[in-house]
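# Model the following, please.
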Amino acid sequence: MKFFLDFLKLIRFPNLIIIGLTQYAIRLGIIYPFLRQANLDLFIPEKLFGLLVLATILIAASGYIINDYFDIKLDLLNKPKQLIIGKSISRRQAMFLHLTINIIGLSLAAYVALSIKHPMLILFQVISAALLWFYSVSFKKQILIGNLIIAALTALVPFTAGYYEIAVMFDEVKEVGSLEIASYKAQSLRSLLFSIKYLLYWIIGYSIFAFILTLIREIIKDCEDIEGDKAFACKTFPIVYGIQKSKILANAITLLLLFLITILEIVQLFSEDWISLVYFIVLISTPLVWLLFKIKRATKKKHFFIISQAIKVLMLFGILYTGIIYLF
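Prediction:
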């Protein structure tokens, strides 16, 4: 039982749940309402999409395992109480779990890509798995490179869920376009072409939101772990340029996100989308302003830990907004 519970901690089970919820939120909260307006249903079968989500979760889980595998000595300094590999799970077991879970995840992703007749889409998962390996081995110790990689991989979670559906959608549109019929479905699909760009805007918007928030969190986590990282000659931004400049960088990126959200709020104001406007002001903009003040005043390890956890909650608020789109 202890092995199982420690395994769940090792693979960051709550984070994996959020990954799965994010992809289903994109599918049901953004893509489905757009298709419903055009009197169409989802193009990827539920079973295949479920396998895609499972593949994403498994590849992320294997990434967490390999990251902890290479970070045993570092974690002894940064978070000794959370150390699992080398205690309840041996290094050999950890490597076996990483390889097995990764292979299963990539196999599922390949099956989905082949089933929807887009085999090249497997590159999303192959590149993700490779980046997670090299991040753990080397990139995380280099200034900003590791931060940018994790931010990009996080942004890929919502983007993948949307892009797979759109790829199949375009196939349907081209197929119907080649038929000389005036069926109801053909008309619906052609009308969908006029709104599909807005669907892409939302998916890309969510990916940008995830990228920026994750980048802020990665910089904050580096500030939190600076003492342990110094001991192992890591070249993170806080080590190279100091905590103060790291806080300035984090706040600058937070201001950028706040600016982008404000533009979206102005659009909602002119479109009289009051529900979305209130949601964004209360649950997105206000927490971002709070983050600005907390980052500026942070001086201790526990301060940076609180900010890091708050950013996770903010990400959750972003995911939950898809429920507003679905309902209204």
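# tell me the mean pLDDT for stretch 89-97?
Throughout stretch 89-97, pLDDT has a mean value of 92.
# What residues sit buried inside that stretch?
Across stretch 89-97, burial judged by 16 or more other C-beta atoms under 10 Å covers 89, 94, 97. Yep, even glycine has a C-beta here, placed from its N, CA and C like the rest.
# contacting residues for the closest residue to Phe304 other than its chain neighbours?
Closest residue to Phe304 apart from its sequence neighbours, by C-beta to C-beta, 6 or more residues apart in numbering: Glu224 at 3.8 Å. By C-beta atoms under 8 Å, 6 or more residues apart in numbering, the contact list for Glu224 reads 78, 301, 304-305, 308.
# try it again with 7 Å
Residues near Glu224 by C-beta atoms under 7 Å, 6 or more residues apart in numbering: 301, 304-305, 308.
# quick one on the thing from earlier: let's see which of the buried residues of stretch 89-97 end up in helices.
Judged by DSSP state H, the buried residues of stretch 89-97 include 94, 97 as members of helices.
# nearest to Ile149, of the buried residues of stretch 89-97?
Nearest to Ile149 among these, counting by C-beta to C-beta, is Ala94 at 21.2 Å.
# My guess is the closest one contacts Tyr69. True?
Yes. Counting by C-beta atoms under 7 Å, Ala94 touches Tyr69, with 4.9 Å between them.
# Common neighbours of these two, please.
Taking C-beta under 7 Å, 6+ apart as the contact rule, Ala94 and Tyr69 both touch Ile85.
# distance of Leu21 from Leu35?
20 Å (C-beta to C-beta, to the nearest Å).
# which other helices and strands contact the helix or strand Leu48 falls within?
Using DSSP states H and E, Leu48 sits within helix 46-70. Here helix 46-70 touches helix 2-10, helix 13-26, helix 91-115, helix 122-137, helix 145-177, going by 3 or more C-beta pairs under 7 Å, 6 or more residues apart in numbering; DSSP states H and E.
# among those, which is nearest Leu48?
Nearest of these to Leu48, taken as C-beta to C-beta: helix 91-115 at 5.3 Å.
# contacting residues around the closest one?
Contact with helix 91-115 is made by 48, 51-52, 54-55, 58-59, 61-62, 65-66, 69, 85, 119, 121-122, 125-126, 129, as judged by C-beta under 7 Å, 6+ apart.
# Over to stretch 17-27?
Identification of contacts with stretch 17-27 by C-beta under 7 Å, 6+ apart yields 42, 49, 53, 56-57, 60, 157-158, 161-162, 165, 203, 206, 316, 319, 322.
# most surrounded residue in those?
Taking other C-beta atoms under 10 Å as the neighbour criterion, Pro158 ranks highest of those with 29 neighbours.
# Can you give me the neighbour number for Ile30?
Around Ile30 there are 24 residues (other C-beta under 10 Å).
# And for it, nearest residue in space, chain neighbours not counted?
Spatial nearest neighbour of Ile30, excluding adjacent residues (C-beta to C-beta, 6+ apart): Trp202 at 5.1 Å.
# what about the one you found, how many neighbours?
Applying other C-beta under 10 Å, I find that Trp202 has 19 neighbouring residues.
# Verify the contact between Gly63 and Leu132 for me.
Yes. With contact defined as C-beta under 7 Å, Gly63 and Leu132 form a contacting pair (3.4 Å).
# For the nearest residue to Arg12 once chain neighbours are set aside, give me its contacts.
Of all residues not flanking Arg12 in the chain, Tyr64 sits nearest, at 5.0 Å (C-beta to C-beta, 6+ apart). Contacts for Tyr64 were tallied using C-beta under 7 Å, 6+ apart; they are 10-12.
# mind checking how far Leu269 is from Lys221?
35 Å.
# Among the two, which residue is more densely surrounded?
Between Leu269 and Lys221, Lys221 has the larger neighbour count (other C-beta under 10 Å), namely 20 against 12.
# can you pull the contacts of that one?
The contact partners of Lys221, by C-beta under 7 Å, 6+ apart, come to Ser308.
# Show the subsequent helix or strand relative to the host helix or strand of it.
If you go by DSSP H and E, Lys221 is part of helix 184-224. Once helix 184-224 ends, the next helix or strand along the chain (criterion: DSSP H and E) is helix 226-231.
# got the buried residues for that next one?
Neighbour-count burial for helix 226-231, counted by 16+ other C-beta under 10 Å, picks out 226, 228-229.
# Run through the neighbouring helices and strands of it.
helix 72-78, helix 237-241.
# need the least confident one among those, by mean pLDDT.
Among these, helix 72-78 scores lowest, at a mean of 69.
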